[in-house]
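Undergrad: Okay, predicted coordinates and the sequence, questions at the end:
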There are 2 protein chains.
Amino acid sequence: MCNEHFQKVAFLAKSLSDENRLRIILCVSNGKKSVSGIVEELGLSQPLVSHHLKELKRSLLVNIERNGPFIYYELVDHRILDVVKTLNTMATDLLNARKTF
Amino acid sequence: MCNEHFQKVAFLAKSLSDENRLRIILCVSNGKKSVSGIVEELGLSQPLVSHHLKELKRSLLVNIERNGPFIYYELVDHRILDVVKTLNTMATDLLNARKTF
DNA sequence: ATAACATATAAATATTCATTAATATATTAT
DNA sequence: ATAATATATTAATGAATATTTATATGTTAT
């Protein structure tokens, strides 16, 4: 793995390093969601959701589609869900192992 | 996935969100490495490596073992390498897809 | 054109984080 | 005990980031 790879992986990992962004990723993984839909579903402020969606767009993880006044976001690459799942089980295992010893 | 899960995943992902930390993770994935060994192998400053190792210890990703004046670090859970690999291929694919269209 | 609504952006703030330089702690050998 | 080496910690600094408040932009209907 060369420098370029490390940079790209770190950048993509940064997308997963915030709780609210994770929630948004999961939220847009079940088909297109409008911004207001995400706002309502997650109970976050609209500018905050917009900000995180911009970050996810920067990392190329979401697709954007306009329909009238609504803008729909959708998860592009569902492999990110496998990553989240693996990290989740890993975190649980690591914490359990620590408590055991 | 409940709140607790999001928090844990975000925390673990944060460990992967820095280039130098990724380099250190890869470095300690091939058996125990002393701090000075890592410093030499990666060309990073000693305090910087110590700091990142502390973070990796916080996230329970590394084991510590003392042997005389040396302290050895080793990757605990190699599933993290699968995650890095997936993120790497994903990043490459996403960038390629963007250039294509 | 105006009103109403959806989304984005800007400014401001607080917090986190990576890095460096300097110093402290701990271990080994003399 | 002292010197030398390995590692950790502290303080300082600058950059990045999450969040909020306020405002702007863009779209639709009247």
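TA: Arrived safely, thanks for sending. Numbering: from 1, shown residues only, chains lettered A, B, ... in the order given.

Undergrad: tell me the contacts of the spatially most central residue of chain A?
TA: Nearest to the mean C-alpha position of chain A, counting by Cα atoms, centre = their mean, stands A:I25 at 3.2 Å. Counting by Cβ atoms under 8 Å, 6 or more residues apart in numbering or on different chains, A:I25 touches A:15-16, A:56, A:61, A:75, A:80, A:84. The C-beta positions use only the backbone N, C-alpha and C, and glycine is treated the same way.

Undergrad: Contacts made by stretch A:39-58 with the rest, please.
TA: A:15, A:18, A:20-21, A:23-25, A:27, A:33, A:35-36, A:38, A:62, A:64, A:73.

Undergrad: Which residue comes closest to A:I71 once chain neighbours are left out?
TA: Residue nearest to A:I71 in three dimensions, not counting chain neighbours: A:V35, with 5.9 Å by Cβ to Cβ, 6 or more residues apart in numbering or on different chains.

Undergrad: Next: A:A10.
TA: Spatial nearest neighbour of A:A10, excluding adjacent residues (Cβ to Cβ, 6+ apart): B:E19 at 4.8 Å.

Undergrad: which parts of chain A sit against DNA strand C?
TA: A:34-37, A:39, A:46-47, A:50-51, A:53-54, A:64, A:69-72 (Cβ under 7 Å from any atom of the strand).

Undergrad: pLDDT on stretch A:90-101, on average?
TA: Mean pLDDT, stretch A:90-101: 89.

Undergrad: Tell me the gap between that stretch and the middle of its chain.
TA: Stretch A:90-101 sits 25 Å away from the centroid of its parent chain (Cα atoms, centre = their mean, to the nearest Å).

Undergrad: same check, this time on stretch A:31-51
TA: For stretch A:31-51 - counting by Cα atoms, centre = their mean - the centre lies 13 Å from the chain centre.

Undergrad: again with stretch A:55-67
TA: For stretch A:55-67 - counting by Cα atoms, centre = their mean - the centre lies 11 Å from the chain centre.

Undergrad: Can you flag which of the contacts of stretch A:39-58 belong to strands?
TA: A:33, A:62, A:64, A:73 (DSSP state E).

Undergrad: just those residues now: which is nearest A:Q7?
TA: Of all these, A:Q7 sits closest to A:V62, with 20.6 Å by Cβ to Cβ.

Undergrad: Any idea how many residues pack against the closest one?
TA: 24 (other Cβ atoms under 10 Å in any protein chain shown).

Undergrad: Over to the one 5 residues further on?
TA: By the other Cβ under 10 Å criterion, the neighbourhood of A:N67 contains 9 residues.

Undergrad: For it, give its distance to chain B.
TA: Going from A:N67 to chain B by Cβ to the nearest Cβ, to the nearest Å gives 20 Å.

Undergrad: again with A:C2
TA: On the measure of Cβ to the nearest Cβ, A:C2 and chain B end up 11 Å apart.
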